[in-house]
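**Student:** Fold the following and give me the result.
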Amino acid sequence: MRVLVVEDQVELADSVARVLRREGMAVDVSYGGQDALDRTSLTDYDVVVLDRDLPEVHGDEVCAALTAKGPHTRILMLTASATIADRVEGLSLGADDYLPKPFAYAELVARVRALARRAQPALPPVLARGDVRLDPAQRTAFRAGARLALSPKEFAVLEYLLGARGRVVSAEELLDRVWDEAADPFTTTVKATINRLRSKLGSPPVIETVPRGGYRI
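**Tutor:** Numbering: from 1, shown residues only. The predicted structure follows:
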């Protein structure tokens, strides 16, 4: 999934991004409201983790703009205020969920995952094709009953390909949905990750390369 973290406290923003990336998510970071609006105008995010109390362009304005853009992006609003009235006001602006500061990272991850599931077409709780099974919630993957030792990016690529249900997925789409803005679009990152994943999946081959198309399972 692709996530945007919008938080003006740099240390907190970077810490949240690190935690989400460890969970296999592609994460971009904005330290201000205007930058967040600029990024969301160019990139479709599954979830935006949005601090409400932003300087200059307030989080409420960012939330309203994202809500007006369409229903695809889910918004998790963060704030230092924990009053019920403040939560109700935040949700009335179009936020999908609300998390008061300070928060536990485990809860933040769980809420982001729950929102991401709502942002995408419904998929079964366990993704399977042939003898390959992947459980997104448990972060486990198996081939013929044997557990696969996958890196976060390998897991994310396998999850995305299984979720495509046989559709051909281009390298550009994988780069956009699995990697974040730090990825160089001119590198062989996707191909290298696919090759490592193929090696770990073993024989017979599971991932098919479609000439001039991309990859599919």
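**Student:** Could you tell me the average pLDDT over the helix or strand encompassing residue 112, please?
**Tutor:** Residue 112 is located in helix 105-119, with elements delineated by DSSP states H and E. Averaged across helix 105-119, the pLDDT comes to 87.
**Student:** can you check stretch 80-91 too?
**Tutor:** Average pLDDT, stretch 80-91: 69.
**Student:** Please enumerate the helices of this structure.
**Tutor:** With DSSP state H as the criterion, the chain has helices at 10-22, 33-42, 59-69, 84-92, 105-119, 152-163, 171-178, 189-201.
**Student:** Please identify the most buried of those.
**Tutor:** Mean neighbour count, computed with mean count of other C-beta atoms under 10 Å, is highest for helix 152-163 among the helices of the chain, reaching a mean of 21. Every residue, glycine included, has its C-beta placed from N, CA and C.
**Student:** on contacts alone, who are the packing partners of it?
**Tutor:** Helices and strands touching helix 152-163, by 3 or more C-beta pairs under 8 Å, 6 or more residues apart in numbering; DSSP states H and E, are strand 127-129, strand 132-135, helix 171-178, helix 189-201.
**Student:** let's go with 10 Å and repeat that
**Tutor:** For helix 152-163, the helices and strands in contact under the criterion 3 or more C-beta pairs under 10 Å, 6 or more residues apart in numbering; DSSP states H and E are helix 10-22, strand 127-129, strand 132-135, strand 140-143, helix 171-178, helix 189-201, strand 214-216.
**Student:** mind checking how far it is from the chain centre?
**Tutor:** Going by C-alpha atoms, centre = their mean, to the nearest Å, the spacing between the C-alpha centre of helix 152-163 and its chain's C-alpha centre is 12 Å.
**Student:** And the average pLDDT for that helix is what?
**Tutor:** 92.
**Student:** thinking again about what came up before, lowest-confidence stretch among the helices and strands packed on helix 152-163?
**Tutor:** The stretch with the lowest mean pLDDT among the helices and strands packed on helix 152-163 is helix 171-178, which comes in at a mean of 88.
**Student:** Not counting residues beside it along the chain, what's closest to residue 14?
**Tutor:** For residue 14, the nearest residue in space outside its immediate sequence neighbours is residue 29; the separation is 6.8 Å by C-beta to C-beta, 6 or more residues apart in numbering.
**Student:** what's the answer for residue 114, then?
**Tutor:** With sequence-adjacent residues excluded and distances taken as C-beta to C-beta, 6+ apart, residue 114 is closest to residue 97, at 7.6 Å.
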